[in-house]
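Peer 1: Compute the structure for the input listed below.
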Amino acid sequence: MAAQPLLLLAAVAVFVPTVWRGWEPGVATFLFQFAVLGLLLVLEFVIPYNPAWRPVRREWGHYAVYYVLTAAGGALGQNLVLLAVGAVANPYPVLPLWGEIPLALLLGSLASYGVHRAGHTYAWLWRLHGVHHVPDKVNVGNNSVNHVADVVISQGFVQLALALVGFSERAVFAVGLFVVAQGYFVHANVRVRLGPLNHVLAGPEQHRLHHSTDLAEAGHYGSDLSVWDRLFGTFTWRPGREPAAVGLADPRTFPDTGRILTTLVHPWRRSAG
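Peer 2: Numbering: from 1, shown residues only. Predicted structure coming up:
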């Protein structure tokens, strides 16, 4: 399936003119995100993995609200991170850009894996991240069902990790485009099989297992590269393996996705699970 290579080529097509023509990275990222979202929505209609996972009208309304909230929170956190990146990133990196980007991708992926796994391991972080696992279907629309604080923490941790190591702003921007493309791709309700590439790149097959109600198969904390899941023993995919059900093992521990205000305050309640 050409969907993933197409997304990666699109990221390159956005990165090159943004860097060499001086486009605004924030605007470029925002437009790229919409383009990726549009492409995957079309593919979900044409080649759905599970037609029952298509959002109904009511769910689209909820997802739209979550998208706005997530975008607003992410933009706030992103702007703070970009200020920090601009302050500490090395404007004259030792490595050329072609050598810097792969290393930044590996480190950024490792940081993302770590903060994601922590969100499933520590109760006080799960109160935030668990919001994303409430839906009992996986599609590109509910990729944005997140708690705002979870978005700020995860994005900030990854990008600051890159900047503190000394990667340039251009490398951080390149990694950000890749993460945007992969984040939506792995969550798409599309019948795509990566085959052996599953051992290197994350894909929808793995991420559906991550959302499984069976915690024995719900590893796959990497949403861009799968190499860290392989290295740290959280890789559970094998050809033909599919989750019987997705969502929370105990749905009673979080409010329903449609109860948006309750969801936003739920992590701060003393009784939060």
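Peer 1: which residues touch Ser212?
Peer 2: 218, 243-246 (CB atoms under 8 Å, 6 or more residues apart in numbering). From N, CA and C alone the C-beta is placed, and that goes for glycine too.
Peer 1: Derive a PyMOL selection command for the buried subset of those residues.
Peer 2: Entered in PyMOL, the line below selects the buried ones among those, by 16 or more other CB atoms under 10 Å:
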select buried, resi 218+243+246
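Peer 1: nearest to Val138, of the contacts of Ser212?
Peer 2: Val246 (5.5 Å; CB to CB).
Peer 1: Distance check, the nearest residue to that closest one once chain neighbours are set aside against Ala249.
Peer 2: Nearest residue to Val246 in three dimensions, chain neighbours excluded: His211, at 4.0 Å (CB to CB, 6 or more residues apart in numbering). Taking CB to CB, to the nearest Å as the measure, His211 falls 11 Å from Ala249.
Peer 1: So for Gly273, what pLDDT did the model give?
Peer 2: Note on Gly273: pLDDT of 45.
Peer 1: And the pLDDT at Ser154?
Peer 2: 86.
Peer 1: just checking, it touches His116?
Peer 2: Yes - taking contacts as CB atoms under 8 Å, Ser154 lies within contact range of His116: 7.0 Å.
Peer 1: Of all residues in this protein, which one is nearest the centre?
Peer 2: Gly183 (3.4 Å; CA atoms, centre = their mean).
Peer 1: That one belongs to a strand?
Peer 2: No - counting by DSSP: H, G, I helix; E, B strand; the rest coil, Gly183 falls outside a strand, being helix.
Peer 1: low-scoring pLDDT stretches of the protein, where are they?
Peer 2: Filtered on pLDDT under 70, the chain yields the residue ranges 1-3, 73-94, 270-273.
Peer 1: neighbours of Ser144, just the number please.
Peer 2: 23 (other CB atoms under 10 Å).
Peer 1: That one touches Tyr63, doesn't it?
Peer 2: Yes - using CB under 8 Å, Ser144 is in contact with Tyr63, at 6.1 Å.
Peer 1: Grab the nearest non-local neighbour of Ala249.
Peer 2: Ala249 sits nearest to Thr213 (CB to CB, 6+ apart), 5.1 Å away.
Peer 1: so the one you found makes contact with Gly247?
Peer 2: Yes - Thr213 lies in contact with Gly247 (CB under 8 Å); the separation is 5.7 Å.
Peer 1: His116 is in what secondary structure piece?
Peer 2: Taking DSSP states H and E as the definition, His116 sits inside helix 97-121.
Peer 1: What lies in contact with that helix?
Peer 2: 93, 95, 125-126, 128-129, 150, 153-154, 157-159, 161-162, 165, 167-168, 170-172, 174-175, 178-179, 221-225, 227-229, 232, 234.
Peer 1: For that helix, which residues meet the burial criterion?
Peer 2: Under 16+ other CB under 10 Å, the buried positions of helix 97-121 are 100-101, 104-105, 107-120.
Peer 1: cool, and stretch 32-47?
Peer 2: 32-33, 35-37, 39-41, 43-44.
Peer 1: Same question for stretch 193-206.
Peer 2: Quick answer for stretch 193-206 (16+ other CB under 10 Å): 194, 198, 201-206.
Peer 1: Now tell me what touches that stretch from outside.
Peer 2: Against stretch 193-206 from outside (CB under 8 Å, 6+ apart): 1, 4, 49, 138, 182, 185-190, 192, 220, 222-227, 229-230, 235, 237, 239, 241-242.
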